[in-house]
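# Build me a model from this:
(chains A and B)
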Amino acid sequence: AQRVTQPEKLLSVFKGAPVELKCNYSYSGSPELFWYVQYSRQRLQLLLRHISRESIKGFTADLNKGETSFHLKKPFAQEEDSAMYYCALTQGAQKLVFGQGTRLTINP
Amino acid sequence: NAGVTQTPKFQVLKTGQSMTLQCAQDMNHNSMYWYRQDPGMGLRLIYYSASEGTTDKGEVPNGYNVSRLNKREFSLRLESAAPSQTSVYFCASSGTLYEQYFGPGTRLTVT
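Model (predicted):
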């Protein structure tokens, strides 16, 4: 069965430090993976998707099929990056399977 | 262009009461979804509708029913609420590119 695992429920780093949010998945086919973000008092929104290979708000994520990972990275964290982050995997028919989420806190 | 709207924003129910959560989207999307969000569990799919007139169970459908009233609206009904259904409920919709657009959520407490 398709599964997404985010091993860290909470992650706290200092402003200016590098950030890496981990995501591992299990999927039998060719996955399409996403990172969604939920800022305080805002609705959940798409941050980036692996097929776009883009950098959004300084974040990047590389799909590593060998390690079945899709970690989210940013070289220099900003306070406005504090949010809840969800990794997600398509399950066909446009359904998504979400990980448990990581709450990222950036300390000043 | 409001995107995805949900009503109500908050609701408190007693065990055994029923209620319907409403969701509407104005993006002409075919697919719509209902999720629940619980601490440490992430978002779990309750039901989804790939197109008008069709609905399918997700990961946690027990205790819920849905209606895809038309292309815009997708409602979630709790027939007999239980404390285990205390959660934040999100509706979402998507077009053809897998990106899902979420509503603001409904915070439901069942006592």
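# Which strands or helices does the longest strand along chain A pack on?
For chain A, the strand with the greatest residue count under DSSP state E is strand A:83-90. Counting contacts by 3 or more CB pairs under 8 Å, 6 or more residues apart in numbering or on different chains; DSSP states H and E, strand A:83-90 packs against strand A:3-5, strand A:33-38, strand A:96-98, strand A:102-107. The way it works is simple: take the backbone N, C-alpha and C, and place the C-beta from them, glycine included.
# who touches the first one?
With contacts defined as CB atoms under 8 Å, 6 or more residues apart in numbering or on different chains, strand A:3-5 is touched by A:23-27, A:87-89, A:97-100, B:42.
# for residue 33, what are its contacts?
You didn't pick a chain, so chain A it is. Residue A:33 makes contacts with A:23, A:25, A:49, A:50, A:61, A:63, A:70, A:87, A:88, A:89, A:90, as judged by CB under 8 Å, 6+ apart.
# Can you look at chain B instead?
Listed by CB under 8 Å, 6+ apart, the contact set of residue B:33 reads A:95, B:45, B:47, B:48, B:49, B:58, B:74, B:91, B:92, B:93, B:94, B:100.
# what does chain A put close to chain B?
A:4, A:6, A:9, A:32, A:34, A:43-46, A:49, A:86, A:90, A:93-101 (CB under 8 Å from any CB of the partner chain).
# can you do 6 Å?
A:43, A:44, A:46, A:90, A:93, A:94, A:98, A:99, A:100, A:101 (CB under 6 Å from any CB of the partner chain).
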